[in-house]
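In: Following is a predicted model, sequence given first.
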Amino acid sequence: MAHAATHDHHDHHGAPKGFFQRWVMSTNHKDIGTLYLIFSLTMFFIGGAFAMVIRAELFKPGMQLVQPYFFNEMTTMHALVMIFGAIMPSFVGLANWMIPLMVGAPDMALPRMNNLSFWIMPFAFILLLSTLFMPGGGPAGGWTMYPPLSLQGESIAYTIFAVHLMGISSIMGAINIIATILNMRAPGMDLLKMPVFVWSWLITAFLLIAVMPVLAGAVTMLLTDKYFHTNFFNAAGGGDPVLFQHIFWFFGHPEVYIMILPAFGIISEIIPTFARKPIFGYRAMVFAIASIAFLSFIVWAHHMFAVGLPMGAEIFFMYATMLIAVPTGVKVFNWVSTMWGGSMTFETPMLFSIAFVILFTIGGFSGLMLALAPADFQYHDTYFVVAHFHYVLVTGAAFSIMAAAYYWIPKWSGNMYSETWGKIHFWSSVISVNVLFFPQHFLGLAGMPRRIPDYNVAFANFNMISSIGGFWFGASQLIFLGVVIHCVFFSKKKAADRSWEGAKGLEWTVPSPAPFHTFDVPPVIHDDELAHGNTEH
Amino acid sequence: MTSGGIGRSVSAWAAGAFALFGGTAWANPEPNQLNMTKGAAEWSPYAMHMVALWVCVVIGVVVFGAMFVAMFRFRKSRGAVAEKWTHSTKLEVVWTVVPVIILIFLAHLATGGLTSFADTTNADMTIKVTGYQWKWRYDYVDYKGKGVDQVGFMSKLEETSDRTRQLKSNLDPDKIQVDGYHTYLLDVDKPLVVPVGTKIRFIIVGGDVIHSWWVPALGWKMDAIPGIANAAWTKIKEPGVYRGQCAELCGQDHGFMPIVVKAVPKAEFEQWLATQEDEAKVRKAAQTAQNAPAPAPQG
Amino acid sequence: MGHQQQDVYFVPSKSYWPIVAAVSMFVTVFGAAHWLNAQPGEGGFGKPLFWVGIAMILGMFFGWFRSVINESLAGNYNGQVDRSFRMGMMWFIFSEVMFFGAFFGALFYARLFAVPWLGGEGHGVLTHQFVWQGYEAAWGASGGGGPEKIGGSFQTIPAWGLPLLNTLILLSSGVTITIAHHALKAGHRKTLLIGLGATVLLGCLFLWFQAHEYAEAYEHFNLTLGSGVYGATFFMLTGFHGMHVTLGTIMLAIIWVRCAKGHFSKDDHFGFEAVAWYWHFVDVVWLALFLFVYVL
Ligand code: HEA
Ligand code: HEA
Ligand code: CUA
Ligand SMILES: [Cu+2]
């Protein structure tokens, strides 16, 4: 072992030859990042396929395609796959690829654990998805798994263990990211010179370590309530079904910010690049992320306004939730100010970023409306909520990931993607996604509950429009797949090291594609090469 | 109630006109309805909703407007040269403080709405609502300070809807209509009958899993949690039929447990209640005769 | 092995342990889920699969740590790697704190809100009036079984018997491990081994008493996992703590062997420190348990 280690130490150049050695035994942050990205794209398609089943059944009133129970399985699985399989791992993949490059580190701090974090994920999802083929069917109680309903399912044990595995993976991934950022920065890369993306991940990683164990605790209680006679969530035994919701949302609300803070980081990289102007209010941006993270711990019960909380609690959680609009607003205003006075070009990453700012803000506005408890008595559990969270998740998180993919793929592959097809993908997506989700606001306000497989004919038109938008948006993602495959394998256009004219930061100082090993020796940091190196505040 | 053709047709026209122009979507979902119902009860979140909506629209216009101006003016293709500045304390203070002020205003409104909703005291009537997979049970507890004797019944999805909603039934949901209104999945075998102009307190519990009792025209929903009782209230202004649905995922037929509230004038209600009480008495007598000793009444 | 400045980063070699770990975790939980869903009396492959998985996990830990230890002994790790390990351990412990936090949260919620509300206090007036008439809320013996007295009537474990003893045992184990640490830093091998050995023994003693306490609870007090929310919080909190003590004791024993083999030097003994931190964490959790589960 010792011998092998020293051996590898000398042999710094080039990837291992064998497939198994390179991809399954990897300790290389770039390879692991690639694995994460491929995995999450696969999951995005699987979760999207489930969404297509949902939209197809909801195409018109009456039950045409699936049984109600299967519909609920689709809703539940769609959310679990998208959240834990698509969005979160793709952010981790981006962190793996970019953070070491951005802070001048040779790799992640704990490379073997990094490999484990990744390889747990496919197994966790095999476990989760296999329930769909089991006699009792998959979980069908919604991704929130509220008892007692979730305890009626046969597959709850598989789901719970899958969640445990995902949690372990996320926690290890987060520990790795924190250790990398705090311990592996090249000399001279001060904390306040780090790219905003790195900052956003530092804070996100903290959130992950703080709340994933809480989710593990909540589902463990579900498990013992189901199989070991405990009564955490049974009022007859002195427990309370609402207790689960408290614990779940103590995890769940920070979780939604786990899915948006790295997105904020990405957007804060891309907009300055294409505006050719440093980010406006760097420190305020970092401080806003930290405030959002802090506030995220004290707002959880805004998901529970209709469970019958004491009035004092409703008021507290309502105020705390509304407060989040302030730091988030700071971010939005700073992005706009970064664009103001810049010299902008509109390549695909920039287009996705601009769409992000607008559409995420729309999702934020509906979030603010939901935060008003008396109004939420009406909005809660309707399609208005569904519209809200798809705006922040799809045109927020997912758009930011696409923006990131277009932005950094030259660095990953060494090739430029096809700008024409990138733009086609963008315009097709941005139009269809609004056709898909905007009418859902109307449906919710008119009174359509969420998680139903069939509905009154009054809701027919907007559901049909939404479904058409859904199929269109789904099909548009095939373009994305095509662009990525073309770029990696077939593109003739080589990328420059600094692939974008206005790009700053260490990642653009290494060759494209980034060689298997970078920064074997700590780089010398020149402040003017950094995005935030010599900005004065 | 009224007799005579003229009166009836006038009121029908008036109702139609009202639905079209006055308050579209006043009681029940309308095709292509865009906005929240104004509601039929004294307490309604409609105003709160509209204020919040307009606040968001205005902020949106300002922010997105600024963005579009920036995108137009500061593009490289128009020869824009990037500025060097990176912050402005003055601006940053402004856009921290202004939102705070807006939020305080909204919070003030919302707190008022919340306090009035939380006050379930001084109700003239109590109804206990219990959610089951997949039907509702209504028990009349008291009315005008007097206990109601064993009036209670189950209320579940009406039959034609139930047949139509079976997978590949090939029945047309459009065909299911009551009074010209499409009631597919929104009609029950036995509606909840209540008086108008009366403050009604609802006690809401779950029988098996969590459900949520929601009639949009009343302006709120409240979870029905097994083993825990929640309270809410309403005071309906106009007679009418108000439809809603279970709003918390409760298993495979969650989409098929509608709620219908029939609000009638007080006198009519009292008559109805008396009939129900009589029927309950007859039923009880028959039962006692059949199998004494009678089982203790539940709940 | 320069500690302060490194001009070359260290990147470990590729390894098959991570994938072994992932597979064994999968086998374990897949087996466990199958086992849980098996009908009583039915055989099925769940149970054997679960145990195979556990065996694989143990083997994996053994193999993975052996390779890390060898690399460490070969002097491959520099100060930066050491710091990464430390951070990893600290944040891991933080995640454990949050895990216990979930269960403490459940305990506080049940005691301060759920049970009193069921009994009609404050926010629970209507619940009491309409659902659980006549239920008198109390924590512990009569109240913890809930309104339906689930699990029958039971007694609770008095704080000032075994639990107090166990508190003293864990506290003194905290002292002995600190003595051992100082001895290690001062280079007193014998004191080190005695101090650490004593810690291991105290850990075992604690576990033995706790097993005793559980047996007592089940046999004489009728206090079981099914004794309403009281039993649930009691056994889940003390049980998870007990599992952590077990793990900690095993790790301490391994560290003792490593000390005996002379693996650690005065200023390079992260393995020792990591386990010591873990042990202190387990200690602190116990103090909270003692206070909130037994005394109050
Ligand atoms: C990425 C994910 C994400 C993000 C970022 C958010 C952001 C926010 N969310 Fe959302 N939310 C979800 C994901 C997310 N949410 C999900 C998944 C659910 C449903 C879960 C389920 O039930 O399955 C949900 C549900 C949900 C609810 C519960 C609804 C219900 O079930 O009844 C509420 C209620 O308060 C809420 C509020 C908010 C608020 C106030 C924000 C704020 O952070 C938004 C802040 C942003 C802005 C306000 C816009 C920009 C600001 C300005 C331009 C400044 C000026 C503005 C003003 C002064 C108004 N969300
Ligand atoms: C990050 C999270 C995320 C993402 C990205 C999405 C993406 C999408 N979501 Fe989802 N959604 C959730 C998170 C997410 N969702 C959550 C948390 C819930 C709540 C669940 C619950 O209630 O428990 C939910 C619920 C939810 C509902 C409500 C279900 C219900 O209440 O019963 C609907 C309905 O329209 C929906 C639709 C969609 C659609 C159409 C997309 C699209 O954006 C998907 C687009 C992607 C693809 C389609 C895949 C790519 C393409 C192909 C596979 C090719 C083949 C396709 C064609 C040729 C058409 N989602
Ligand atoms: Cu009952 Cu949903
Ligand atoms: Cu939230």
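Out: Good, I have the coordinates. Numbering: from 1, shown residues only, chains lettered A, B, ... in the order given. Ligands and ions are numbered 1, 2, ... in the order given.
In: Helices of the stretch 1-150 of chain C, start to end?
Out: Using DSSP state H, counting those that start in this stretch, the helices of the stretch 1-150 of chain C run over C:17-37, C:46-73, C:79-109, C:115-118, C:125-130.
In: of the ones you listed, which approaches residue A:89 most closely?
Out: Distance to residue A:89, taken as C-beta to C-beta, is lowest for helix C:17-37 among the helices of the stretch 1-150 of chain C, at 14.2 Å. C-beta: built from backbone N, CA, C; applies to glycine.
In: anything in that closest one sitting right up against chain A?
Out: Yes - Helix C:17-37 is in contact with chain A by C-beta under 8 Å from any C-beta of the partner chain, via C:17-19, C:21-23, C:25-26, C:29-30, C:32-33, C:36-37.
In: list the contacts for whichever residue of chain A sits closest to chain C?
Out: Going by C-beta to the nearest C-beta, chain C is nearest to residue A:217 of chain A, at 2.7 Å. Listed by C-beta atoms under 8 Å, 6 or more residues apart in numbering or on different chains, the contact partners of residue A:217 are A:247, C:99, C:101, C:102, C:103, C:106.
In: Look at it and tell me its secondary structure.
Out: Assigned with DSSP: H, G, I helix; E, B strand; the rest coil, residue A:217 falls in the helix class.
In: Any figure for the gap between it and residue A:167?
Out: Distance, residue A:217 to residue A:167, by C-beta to C-beta, to the nearest Å: 10 Å.
In: Nearest residue to residue C:225 in space, ignoring adjacent ones along the chain?
Out: Excluding the flanking residues, the one nearest residue C:225 by C-beta to C-beta, 6 or more residues apart in numbering or on different chains is residue C:235, at 4.7 Å.
In: Would you map the strands across chain B?
Out: Using DSSP state E, the strands of chain B run over B:125-132, B:135-143, B:146-155, B:177-178, B:181-182, B:192-195, B:200-206, B:211-215, B:220-224, B:230-234, B:240-246, B:258-264.
In: Give me the spatial nearest neighbour of the residue in the stretch 101-250 of chain C positioned nearest to ligand 1, chain neighbours excluded.
Out: Residue of the stretch 101-250 of chain C nearest ligand 1, by C-beta to the nearest ligand atom: residue C:102 (19.4 Å). Leaving out its chain neighbours, the residue that sits closest to residue C:102 by C-beta to C-beta, 6+ apart is residue A:217, at 2.7 Å.
In: Which residues are in contact with the closest residue to residue A:372 other than its chain neighbours?
Out: Excluding the flanking residues, the one nearest residue A:372 by C-beta to C-beta, 6+ apart is residue B:110, at 4.4 Å. Applying C-beta under 8 Å, 6+ apart to residue B:110 gives the contacts A:318, A:372, A:373, A:374, A:375, B:48.
In: Of those residues, grab the buried ones for ChimeraX.
Out: Applying 16 or more other C-beta atoms under 10 Å in any protein chain shown to these, the buried members can be selected in ChimeraX as follows:
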select /A:318,372,373,374,375 /B:48
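In: Nearest to ligand 2: which residue in chain A?
Out: Closest point on chain A to ligand 2, by C-beta to the nearest ligand atom, is residue A:48, at 2.0 Å.
In: can you tell me the helix or strand for that residue?
Out: Here residue A:48 sits within helix A:29-57, counting by DSSP states H and E.
In: Give me the contact status of that helix with ligand 1.
Out: No - judged by C-beta under 6 Å from any ligand atom, helix A:29-57 stays clear of ligand 1, getting no closer than 13.6 Å.
In: Give me the helices and strands touching the helix or strand following that helix, please.
Out: For helix A:29-57, the following helix or strand on the C-terminal side (DSSP H and E) is helix A:68-80. Packing contacts for helix A:68-80, counted by 3 or more C-beta pairs under 8 Å, 6 or more residues apart in numbering or on different chains; DSSP states H and E, involve helix A:29-57, helix A:111-130.
In: Mind checking if stretch A:172-181 is in reach of chain C?
Out: Yes - residues of stretch A:172-181 contacting chain C under C-beta under 8 Å from any C-beta: A:174, A:175, A:176, A:178, A:179.
In: pLDDT of stretch B:138-146, averaged?
Out: Mean pLDDT, stretch B:138-146: 92.
In: per-domain residue ranges of chain C.
Out: What automatic domain parsing lists as the domains of chain C is C:1-77, C:78-295.
In: right, so these: which one is the most enclosed?
Out: domain C:78-295 (a mean of 19; mean count of other C-beta atoms under 10 Å in any protein chain shown).
In: near ligand 1, which residues of the stretch 101-250 of chain B?
Out: Proximity of the stretch 101-250 of chain B to ligand 1, by C-beta under 6 Å from any ligand atom, involves residues B:102, B:103.
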